[in-house]
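>>> Coordinates for the following, if possible.
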Amino acid sequence: MALIQSYWQNFISLFGAARIPINDIHQLEKSAPDLLVYALPLVFFCTALECGFSHFAEHKSYEKKETVGSVFIGLGNLAVNLLMKAVLLYGAVWIYNILPWRMSLNWWTLIPCFIIYDCCSYWSHRISHFNRFFWATHVVHHSAEHYNLTVAFRQSWVQHFKTVFFIPVALMGFNPVIFFVASQLSTLYQFWVHTEAIGKLYPFIEKYFGTPSNHRVHHGSQEKYLDKNFGAMFMIWDHLFGTFQYEEEQPIYGLTTPVENKTNPFILNFHEYRDMIKDVKQSDGIREMLFFIFASPGKIYKHKLTHSEKKKASVNGTKSKVLNTLKFAGILLMIILLLSESLNVFSQPLKKGYEQETSGLPTPKGENLLFFLQRNPDANTVIYELNFKSDGVLDRENPVKGSWIRYTEQIKYKELTGIERRFAYGVKCKALPNDEYEIRLVAYKKMPLYLKRSEIDNKYKIYIKDEGKDLLLKRVFVRVNGGSFWFPKVEYIDLITVNSASGMEFLKRIEI
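This next block holds a predicted model:
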């Protein structure tokens with residue numbers, strides 16, 4: 001009993017630490033170790049080693065401009081952290097002094113402090129993916145299209161906005177030195193997970209701890225990987241809150257809308273704020289303005305793709321007009337509306353005039369190609385192909401897949417991003433009897449297309465139904481005359497189809 005009473009008294013005395021005098025903060029700042037600065041030599045050594053191996057390896061995980069950008073961002077972030085250290089320390093001491101349950105400086109308090117800090121880090125990270133204001137403080141970390149140790153350098157210069165999520169840790173009464181050590185240990189731990197050089201580890205470790213494999217999933221842009229594995233050191237939070245995902249296929253890294261400038265650290269850090277301000281200026285009322293600031297990036301992306309904006313402009317101070325602008329993904333919606341007879345369309349046999357207009361655009365070919373979409377003057381093409389499993393059998397759940405052919409990037413094949421598949425160019429598939437499939441474009445799910453075998457060569461092809469006839473869909477061409485990429489001035493849209501019975505090609509045109 002005396003032993004228990006002694007332990008209890010020691011426990012109570014832990015929460016009776018004296019306040020830290022403001023005059024002693026400078027001394028406290030010196031006693032708080034700069035673990036990040038001490039670790040820099042090892043960090044740069046490991047990075048240089050990985051970069052050297054990548055140079056001689058077949059798989060290149062480093063790209064020159066991207067690496068330079070990462071280094072610039074990292075140096076700037078290091079400078080910001082040194083400047084902010086005193087400010088954050090003053091704030092932590094102020095909170096510490098107003099609490100009645102202040103903990104004294106004991107090494108073992110670092111253990112519960114680190115666990116609680118890791119939980120707050122999970123929620124800070126997760127909210128940063130679903131709130132644009134905080135996403136702007138995190139987007140730079142996901143802007144790299146190659147996954148290597150320099151990605152860990154890509155920490156936003158304004159990430160201290162997210163300090164608000166760690167106030168609960170300070171309110172627990174931990175000594176400010178313990179609080180800052182926990183923060184730095186968390187940052188250092190997350191350095192080594194940004195690499196492709198380490199594969200999957202022991203199953204228990206992969207399940208409950210942050211590993212390179214788990215964090216590669218977090219940086220992947222595939223639909224199954226989006227918004228998964230937010231944990232820093234512990235994956236237990238992802239298991240508890242339903243955001244855990246094992247690495248099952250090679251992730252595709254980068255943002256859904258890549259940043260063109262790969263080296264300028266100011267653009268990489270603040271481009272999202274620039275876009276946010278632009279959206280706010282074009283918003284229609286306070287409600288939409290707040291939506292553009294605080295809604296999730298995915299919802300904002302969908303909103304901007306599926307809603308045509310109407311702007312009123314004054315002409316000579318007396319006339320005004322309403323401009324109906326279409327985004328590129330909306331082109332697919334109009335195509336489907338065409339098929340549902342909601343637009344005025346005329347059909348005619350394919351003529352040489354059309355061939356001359358599209359002669360400058362490449363024609364993709366492939367054994368599994370079903371149809372493709374192009375527009376002038378952009379040679380890049382969205383292709384839709386049959387989706388086979390590794391054993392050569394058609395995937396009955398997803399028999400059709402879409403992807404890009406980047407002719408302007410040395411004919412680079414690139415998968416559609418998760419957001420593009422969900423909101424713009426993806427398809428939903430449903431198996432039907434007789435080895436047929438119903439295919440619906442996500443841009444307009446009401447109009448079905450049909451994937452079935454041709455009676456001529458027994459190969460799968462995509463058909464649309466027009467007045468009871470099966471028309472083979474081959475090509476979609478969009479005629480653009482001016483405007484911008486996201487707000488093109490569309491003159492007309494052509495559907496090139498083939499009559500299955502006669503074999504004659506027809507041009508079905510939508511006049512805009």
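>>> burial of the residue nearest to Asp238 when sequence neighbours are not counted, as a residue count?
Nearest residue to Asp238 in three dimensions, chain neighbours excluded: Phe244, at 3.8 Å (C-beta to C-beta, 6 or more residues apart in numbering). To be clear about C-beta, it is placed using only N, CA and C from the backbone, and glycine gets the same treatment. Phe244: 19 surrounding residues under other C-beta atoms under 10 Å.
>>> doesn't Phe230 make contact with Phe244?
No: using C-beta atoms under 8 Å, Phe244 makes no contact with Phe230, being 9.3 Å away.
>>> so what sits against both of these two?
Residues touching both Phe244 and Phe230 (C-beta atoms under 8 Å, 6 or more residues apart in numbering) are Asp238.
>>> Please read off the pLDDT at Gly254 from the model.
The per-residue pLDDT reported for Gly254 equals 83.
>>> ok, now how distant is Pro33 from Tyr225?
36 Å (C-beta to C-beta, to the nearest Å).
>>> try Asn269
Distance of Asn269 to Tyr225, given as C-beta to C-beta: 24 Å.
>>> Those two: which has the busier surroundings?
Asn269 (24 against 21).
>>> So the residue nearest to Asn97 when sequence neighbours are not counted, which state does it fall into?
Excluding the flanking residues, the one nearest Asn97 by C-beta to C-beta, 6+ apart is Arg19, at 4.5 Å. Assigned state for Arg19: coil (three-state reduction, DSSP: H, G, I helix; E, B strand; the rest coil).
>>> what about Arg19, how many neighbours?
12.
>>> For it, list the residues it contacts.
Per C-beta under 8 Å, 6+ apart, neighbours of Arg19: 96-97, 102.
>>> Tell me which stretches of the stretch 251-400 of the chain form strands.
Assigned by DSSP state E, counting those that start in this stretch, the stretch 251-400 of the chain shows strands spanning 310-315, 319-324, 345-349, 369-375, 381-386, 400-406.
>>> Find the centremost residue of this protein, please.
In the chain, the residue lying closest to the centroid (C-alpha atoms, centre = their mean) is Leu255, at 4.6 Å.
>>> how close does that one get to Ile419?
10 Å.
>>> again with Val181
Distance of Val181 to Ile419, given as C-beta to C-beta: 39 Å.
>>> got the domain boundaries for the chain?
In terms of domains, the chain is parsed into 20-240, 329-511 (source: automatic domain parsing).
>>> quick one: the helices in the stretch 301-450 of the chain?
328-339, 352-357, 418-423 (DSSP state H, counting those that start in this stretch).
>>> avg pLDDT for the longest one?
Across helix 328-339, the average pLDDT comes to 46.
>>> which ones among the contacts of Arg19 are found in helices?
96-97 (DSSP state H).
>>> Turn the contacts of Arg19 into a markdown table, including distance to Ser143, pLDDT and neighbour count.
Shown next, in a markdown table, are the contacts of Arg19 (distance: C-beta to C-beta, whole Å; pLDDT from 0 to 100; neighbours: other C-beta atoms under 10 Å):
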| residue | distance to Ser143 | pLDDT | neighbour count |
| --- | --- | --- | --- |
| Tyr96 | 36 | 91 | 20 |
| Asn97 | 40 | 91 | 14 |
| Arg102 | 41 | 89 | 19 |
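>>> just curious, which of the contacts of Arg19 is nearest to Tyr301?
Tyr96 (41.7 Å; C-beta to C-beta).
>>> so that closest one sits right up against Tyr90, yeah?
No: contact between Tyr96 and Tyr90 fails when scored by C-beta under 8 Å: they sit 10.6 Å apart.
>>> List the contacts of the residue nearest to the centre of the chain.
139, 142-143, 221.
>>> try 10 Å this time
139-140, 142-145, 221, 271-272, 297, 417, 419 (C-beta atoms under 10 Å, 6 or more residues apart in numbering).
>>> again with Val87
Neighbours of Val87 in contact, by C-beta under 10 Å, 6+ apart: 160, 163.
>>> Could you check the pLDDT of it?
For Val87, the predicted pLDDT is 85.
>>> end-to-end on stretch 159-173?
Start and end residues of stretch 159-173 are separated by 24 Å (C-alpha to C-alpha, to the nearest Å).
>>> scratch that, stretch 415-430
Note: stretch 415-430 ends 22 Å apart using C-alpha to C-alpha.
>>> What residues sit buried inside it?
416-427, 429 (16 or more other C-beta atoms under 10 Å).
>>> which among those gets closest to Phe56?
Thr417 (30.9 Å).
>>> Pipe the domains of the chain into TSV and attach distance to Lys281 per row.
As requested, these are exported to TSV (distance: least, C-beta to C-beta, whole Å):
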stretch	distance to Lys281
domain 20-240	15
domain 329-511	15
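>>> Once you drop chain neighbours, what's closest to Tyr450?
Tyr463 (4.8 Å).
>>> which residues touch that neighbour?
436, 439, 449-452, 454, 469-473, 497-498, 500.
>>> three-state assignment of it?
With three-state DSSP as the basis, Tyr463 sits in strand.
>>> quick one on the thing from earlier: among the domains of the chain, show me which one is buried the most.
Stretch with highest mean neighbour count among the domains of the chain: domain 20-240 (a mean of 18; mean count of other C-beta atoms under 10 Å).
>>> End to end on that domain, go ahead and measure it.
Start-to-end, domain 20-240 (C-alpha to C-alpha) is 37 Å.
>>> How far off centre is it?
19 Å (C-alpha atoms, centre = their mean, to the nearest Å).
>>> How about the backbone phi and psi for Leu473?
phi -90, psi 120 (degrees, to the nearest 10).
>>> And for Ile277, the neighbour number?
Ile277 has 13 neighbours, counted by other C-beta under 10 Å.
>>> measure it to Ile267 for me?
14 Å.
>>> And Ala182, by the same measure?
33 Å.
>>> ok, now Asn148?
Distance from Asn148 to Ile267, by C-beta to C-beta: 21 Å.
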